[in-house]
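Chemist: Any chance you could fold what I've pasted below:
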Amino acid sequence: MAAKKSRRGGKRAKKGPFGRLALFYRQIVAELRKVVWPTRGQLSTYTTVVIVFVLIMIGIVTVIDYGFNQAIKYVFG
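Modeler: Residues are numbered from 1 along each chain as shown. Prediction:
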């Protein structure tokens, strides 16, 4: 039986810092190619939904703040 070579560090052990940096960059590009980017229509829909949600939340917080303000004025004078 032939003895197996022990590999310390795998592929990274044979490369210098610039080789590891290049590998890291290639892996980033490969992962970004897997991303399913939204179409222009989807992006505008998502943006509209977010803006409407934020406006609704602003309205709710404003009403609650006004209510607390009036309650504090009533209680303390």
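Chemist: Can you list the low-confidence ranges for this structure?
Modeler: Scanning the chain for pLDDT under 70 picks out 1-14.
Chemist: In it, where's the longest helix?
Modeler: Ranked by residue count and defined by DSSP state H, the top helix of the chain is helix 40-76.
Chemist: what residue is smack in the middle of the chain?
Modeler: residue 35 (13.1 Å; Cα atoms, centre = their mean).
Chemist: Backbone dihedrals for that one, please?
Modeler: As for residue 35, its main-chain torsions (degrees, to the nearest 10) stand at phi -70, psi 140.
Chemist: list the contacts for it?
Modeler: The contact partners of residue 35, by Cβ atoms under 8 Å, 6 or more residues apart in numbering, come to none. The way it works is simple: take the backbone N, C-alpha and C, and place the C-beta from them, glycine included.
Chemist: Next one: it from residue 41, what distance?
Modeler: According to Cβ to Cβ, to the nearest Å, residue 35 and residue 41 sit 18 Å apart.
Chemist: Also residue 21?
Modeler: From residue 21 over to residue 41 the distance is 38 Å, taken as Cβ to Cβ.
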